[in-house]
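Visitor: structure of the sequence below:
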Amino acid sequence: MTNSPPRIDITFSITPSTHSFSSPLPPTLDLTLLSHASAPITLFTWNTPFHLPHCLTNTSLSIHNTKTSTPVPTTKLLIQRPALTRVRGSYDEVLFLTLLPGVPVTLSRPFGRNATMKPLPKHMIQRGWELDADGNERRIRRSTRATGVDGLEAGCSYSVGLNMDSLEQCKWAFATKDQVLVEKGDAGSHVGDFAWEMQVKNEWIVTEAVLDVTD
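Guide: Sure thing, here's the model as predicted:
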């Protein structure tokens, strides 16, 4: 296969682009990927920005205050799990994402802890306890760092983009998802057994989103 580095455009958008902490729901985060490679490529998304269930808690996204350029500390959760596999039909199958040339793929998730949990401003999470519906502390620990809009400061504007180090660690190959996966019981079923591209680095072109946070 060609040794030309594939260019992949990544465009962030947040809807709505203004968030008030009076809102009961977080805004929606969209990542749109567009491959300019000459052939299909498949990404292994574990612990990358493209694994949406964990992208707000694995430090793969970056949040900066646009006025001060200060990075916002974000939540990091450590997950212990068995060895990752590439078995067709397994739980891990969703971790493989194929990009076809010129065909955009949009990934979406709530830009908060989940779709139904009301985001809280920074000053309300600093003690590290969950709150009940009346604002009283519950004896349940929570992160004191931002998880999407949850934990940001009212009256500030933020840019949302990618941690480029996490992108550099993303495994990929000139192949479709079907070519990467194997059947249960086949030899070489672990993720590391596949011949991922090691010599050529993707060219990632990132367009960040801006989120204004109000009272």
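Visitor: can we go C-alpha only for contacts and neighbour counts from here?
Guide: Fine.
Visitor: pull the CA atoms of the helix or strand of the chain with the lowest mean pLDDT into CSV?
Guide: Least confident element among the helices and strands of the chain, by mean pLDDT, DSSP states H and E: helix 164-168 (a mean of 88). C-alpha atoms of helix 164-168 as CSV (Å, rounded to 0.1, in the frame of the first residue of the first chain):
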residue,chain,number,x,y,z
MET,A,164,-2.3,15.7,19.8
ASP,A,165,-0.3,13.2,21.9
SER,A,166,-3.3,10.9,22.1
LEU,A,167,-3.8,11.1,18.3
GLU,A,168,-0.1,10.1,17.7
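Visitor: tell me how far it lies from the chain's centre.
Guide: Centre-to-centre, helix 164-168 and its host chain are 12 Å apart (CA atoms, centre = their mean, to the nearest Å).
Visitor: other SSEs contacting the helix or strand just after it?
Guide: Under the assignment DSSP states H and E, the closest C-terminal helix or strand after helix 164-168 is strand 171-173. In this structure, strand 171-173 makes packing contacts with strand 41-44, judged by 3 or more CA pairs under 8 Å, 6 or more residues apart in numbering; DSSP states H and E.
Visitor: who are the packing partners of the strand it packs on?
Guide: For strand 41-44, the packing partners by 3+ CA pairs under 8 Å, 6+ apart come out as strand 96-99, strand 171-173.
Visitor: hang on, the earlier thing: just the buried positions in the least confident helix or strand of the chain, please.
Guide: In terms of neighbour count (16 or more other CA atoms under 10 Å), helix 164-168 has its buried residues at residue 167.
Visitor: ok, stretch 77-97 next?
Guide: In terms of neighbour count (16+ other CA under 10 Å), stretch 77-97 has its buried residues at 85, 86, 87, 88, 92, 93, 95, 96, 97.
Visitor: separation between the fourth one and residue 95?
Guide: Read that as residue 88. Residue 88 is 11 Å from residue 95, where distance means CA to CA, to the nearest Å.
Visitor: over to residue 128?
Guide: Counting by CA to CA, the gap from residue 128 to residue 95 is 31 Å.
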